[in-house]
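**Student:** got a sequence here, can you model it:
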Amino acid sequence: MSNPDKPFVLQHAVPGGVVATRWWWVRHAPVREDGGCIYGQKDLGCDCSDRVVFEAVGKILPREAVWYASHLKRTHQTADAIWSAGFPKPASLQQDAALAEQHLGEWQGLNRAAFFASRPIAVGSYWFAPIDDPAPGGESFMDLYNRVRGAIERINTEHAGKDVIAVAHGGTIKAAIGLALGNQPERGLAFTIDNCSVTRLDHLSSDGHSGWRIPMVNQQPWIADASHNAMHQPAGPEIATASKFG
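**Tutor:** Predicted structure coming up:
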């Protein structure tokens, strides 16, 4: 692992005249108190006990960055765990409800395994429902995508040219990937986003032009040690197992 006093930060060349706003998305730590149920926007806590994981994550994050999190406490607990593991605590953590997980309405609290066993295979392969199909009393994935896209566009304007660390949720990060893939939200659902993983998306802009570059998705800097294999929890139709390799 790298020297904590000289953290390793992935760098990629940026052409002259181009403004690069680098997004470092971190999914929150695992929720252990869900009882095997769908939780969506339920405000549950997460397990931040594995210090090695947070030390490893902190060593690939940039020191001079703007920090964001959703309004749900599991993202704040995850940020605190990264700082407690040795990452210099920033002056502030900006809370933005637009970065929250999809509101799954009446599905929140239902047994995850039973829910997906009752769904068509084509639906269960990607997400809780087709992207335009809202949960009863909640949101569709497109609702999530549109609010996340709005937040990203706003933050890109406010913090152009900076590093942005956003501690968020599996669905939120999949939405961000869909945006980076050229406004194709369904494409983002094809990616696995593990707990505590880091996803890097760079927004590049110049006069009259803008686009995205994707340096890394679902990076898990602790993965070389098998004792930390359990840092995976479903962010969609999967069913939790003791190990992501099981």
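**Student:** helix or strand with the lowest mean pLDDT in the chain?
**Tutor:** helix 121-124 (a mean of 68; mean pLDDT, DSSP states H and E).
**Student:** alpha carbons only: can I get the next helix or strand after it in PDB?
**Tutor:** For helix 121-124, the succeeding helix or strand toward the C-terminus, using DSSP states H and E, is helix 141-158. These are the backbone C-alpha positions of helix 141-158, laid out as PDB (Å, rounded to 0.1, in the frame of the first residue of the first chain):
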ATOM      1  CA  PHE A 141     -35.100   4.800 -11.800                       C
ATOM      2  CA  MET A 142     -35.600   7.600 -14.400                       C
ATOM      3  CA  ASP A 143     -36.800   9.900 -11.600                       C
ATOM      4  CA  LEU A 144     -33.600   9.100  -9.700                       C
ATOM      5  CA  TYR A 145     -31.500   9.600 -12.900                       C
ATOM      6  CA  ASN A 146     -33.000  13.000 -13.700                       C
ATOM      7  CA  ARG A 147     -32.500  14.400 -10.200                       C
ATOM      8  CA  VAL A 148     -28.900  13.000 -10.000                       C
ATOM      9  CA  ARG A 149     -28.200  14.500 -13.500                       C
ATOM     10  CA  GLY A 150     -29.500  17.900 -12.300                       C
ATOM     11  CA  ALA A 151     -27.300  17.800  -9.200                       C
ATOM     12  CA  ILE A 152     -24.200  16.800 -11.300                       C
ATOM     13  CA  GLU A 153     -24.800  19.600 -13.800                       C
ATOM     14  CA  ARG A 154     -25.200  22.100 -11.000                       C
ATOM     15  CA  ILE A 155     -22.100  21.000  -9.100                       C
ATOM     16  CA  ASN A 156     -20.100  20.900 -12.300                       C
ATOM     17  CA  THR A 157     -20.900  24.600 -12.800                       C
ATOM     18  CA  GLU A 158     -20.300  25.600  -9.100                       C
END
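**Student:** what comes up buried for helix 141-158?
**Tutor:** When burial is assessed from 16 or more other Cβ atoms under 10 Å, helix 141-158 yields the following buried residues: 141, 142, 143, 144, 145, 147, 148, 149, 151, 152, 155, 156. Where C-beta positions appear, they are placed from N, C-alpha and C, glycine not excepted.
**Student:** make TSV out of the residues you listed and add distance to residue 62 and pLDDT.
**Tutor:** Shown next, in TSV, are these (distance: Cβ to Cβ, whole Å; pLDDT from 0 to 100):
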residue	distance to residue 62	pLDDT
141	30	97
142	31	98
143	31	98
144	27	98
145	26	98
147	26	98
148	21	98
149	23	98
151	20	98
152	18	98
155	15	98
156	16	97
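**Student:** show me where pLDDT drops low in the protein?
**Tutor:** Along the chain, the model assigns pLDDT under 70 to residues 1-12, 123-125, 224-246.
**Student:** residue boundaries of the strands in it?
**Tutor:** 19-27, 65-69, 94-95, 163-168, 198-206, 209-219 (DSSP state E).
**Student:** tabulate the ones you listed (JSON lines), appending mean neighbour count and distance to residue 186.
**Tutor:** Listed next are these as JSON lines, based on neighbours: other Cβ atoms under 10 Å; distance: least, Cβ to Cβ, whole Å:
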{"stretch": "strand 19-27", "mean neighbour count": "23", "distance to residue 186": "19"}
{"stretch": "strand 65-69", "mean neighbour count": "21", "distance to residue 186": "25"}
{"stretch": "strand 94-95", "mean neighbour count": "15", "distance to residue 186": "29"}
{"stretch": "strand 163-168", "mean neighbour count": "25", "distance to residue 186": "19"}
{"stretch": "strand 198-206", "mean neighbour count": "20", "distance to residue 186": "17"}
{"stretch": "strand 209-219", "mean neighbour count": "14", "distance to residue 186": "16"}
